[in-house]
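Student: Fold the stuff below for me.
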Amino acid sequence: MRTVLCFVYAAVAVVGLVPVAAVALLLRAAGLGKAMAVMVYRVAQGWAKSIIAMTGCRMTVTGRENIPREGGVCFVCNHSSITDILVLLAYAGRPVGFIAKKELLAVPVLNMWISVIGGLFIDRKNPRKALATINRGVARLKAGGGMIIFPEGSRSRGRGLQDFRPGAFKLATQSEAAIVPVAISGTYDLFEKTGRVVPCPVSVVFCEPVRVAEIPEADRKMVLADRVRGIIGEACGFAAAGTGVTG
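Tutor: Purely as a prediction, here's the structure:
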């Protein structure tokens, strides 16, 4: 019953808040993008926190003082469950967007919300379009925005910390935005493991920022992925064997 209630509430709220999304789009069109971003973030934060509360999970959030309040920030996070986005929306403390697969453009209402909160749709099968999406993300970071990156590329589904893709760090390297490694534990057990919402402990650790500008440009591709993976692995309690980096 808890699972059904959570999904019904999430869907009804997404549809019911469509007028808010419409107002946000009008504000953006009127050149009030900053006001729009803050308004939408507060709505998304409340939505995410209310769903998390409904799951009955016991949240532990540490390290929020490590999140820069100004300037571009890449939140680089391990990814074990679809609920990771909820956790980041609820506790990042500032507006954040993320890269979404282009197939989600076909999902009515959800596609609008992804766009409104700062999501960018990427077509990985089309290099030219994918590059254009990355460039938009870089521009957003340079303008002081926040973006979420899942460098494993797909959900780990309880298999521990997977290899990081150096290409996933393009947003950070090209914008020289601060990287905040984020370690999330427990979300796989919360839903993904059984396909049902199961109340359990969930831990979120916002680690100390990694300053991209302080790393020589020639070393960034491999050093960043390896360093950030090590930080997240340690915070999650995973053993980070080898480099943990794929080409």
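
Student: what's the spacing between the helix or strand hosting Lys34 and its chain's center?
Tutor: According to DSSP states H and E, Lys34 maps onto helix 33-55. The chain centroid and the centroid of helix 33-55 are separated by 14 Å, computed with C-alpha atoms, centre = their mean, to the nearest Å.

Student: Name the residues that touch that helix?
Tutor: 2, 5-6, 9-10, 13-14, 17, 20-21, 23-25, 27-28, 59, 83, 86-87, 89-90, 94-96, 113, 116-118, 145, 190-191, 197, 199 (C-beta atoms under 8 Å, 6 or more residues apart in numbering). For the C-beta atoms, the positions are set from N, CA and C on the backbone; glycine is no exception.

Student: For these, I'd like a selection string for PyMOL - just the buried members, please.
Tutor: This is how PyMOL selects the buried members of those, with burial counted by 16 or more other C-beta atoms under 10 Å:
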select buried, resi 6+10+17+20+21+24+27+28+59+83+86+87+89+90+94+95+96+113+116+117+118+145+190+191+197
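
Student: Please narrow the contacts of helix 33-55 to those residing in strands.
Tutor: Counting by DSSP state E, the contacts of helix 33-55 place Met59 in strands.

Student: which residues are contacting whichever strand in the chain runs longest?
Tutor: Under DSSP E, the strand in the chain containing the largest number of residues is strand 178-185. Strand 178-185 is contacted from outside by 66-68, 71-78, 80, 84, 87-88, 169, 172, 202-207, 209-212, 224, 228, 231-232, 235-237, using C-beta under 8 Å, 6+ apart.

Student: Nearest residue to the residue most central in space within the chain in space, please, no chain neighbours.
Tutor: What sits nearest the mean C-alpha location of the chain, by C-alpha atoms, centre = their mean, is Ile148, with 3.3 Å. Among residues not flanking Ile148 along the chain, Phe98 sits closest, at 4.0 Å (C-beta to C-beta, 6 or more residues apart in numbering).

Student: Return the list of helices and strands in contact with the one helix or strand the one you found maps to.
Tutor: Using DSSP H and E, Phe98 falls within strand 97-101. The helices and strands touching strand 97-101, judged by 3 or more C-beta pairs under 8 Å, 6 or more residues apart in numbering; DSSP states H and E, are strand 120-122, helix 127-142, strand 146-149.

Student: elements contacting the one helix or strand in the chain whose mean pLDDT sits lowest?
Tutor: Ranked by mean pLDDT, DSSP states H and E, the weakest helix or strand in the chain is helix 18-29, scoring a mean of 80. Secondary-structure packing of helix 18-29 (3+ C-beta pairs under 8 Å, 6+ apart): helix 33-55, helix 110-116.

Student: Arg140: which of the ones you listed is closest?
Tutor: Among these, helix 33-55 comes nearest to Arg140, with 10.0 Å by C-beta to C-beta.

Student: Can you list the buried residues in that closest one?
Tutor: Quick answer for helix 33-55 (16+ other C-beta under 10 Å): 36-37, 39-41, 43-45, 47-49, 51-52, 55.

Student: Convert the C-alpha atoms of stretch 64-71 to CSV, please.
Tutor: Below are the C-alpha coordinates for stretch 64-71, written out as CSV (Å, rounded to 0.1, in the frame of the first residue of the first chain):
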residue,chain,number,x,y,z
ARG,A,64,25.7,20.3,3.6
GLU,A,65,28.2,23.0,4.7
ASN,A,66,30.4,21.8,1.9
ILE,A,67,28.0,23.0,-0.8
PRO,A,68,29.0,26.4,-2.3
ARG,A,69,26.2,28.9,-2.1
GLU,A,70,27.4,30.8,-5.2
GLY,A,71,29.0,29.9,-8.5
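
Student: Thanks a lot, see you next time.
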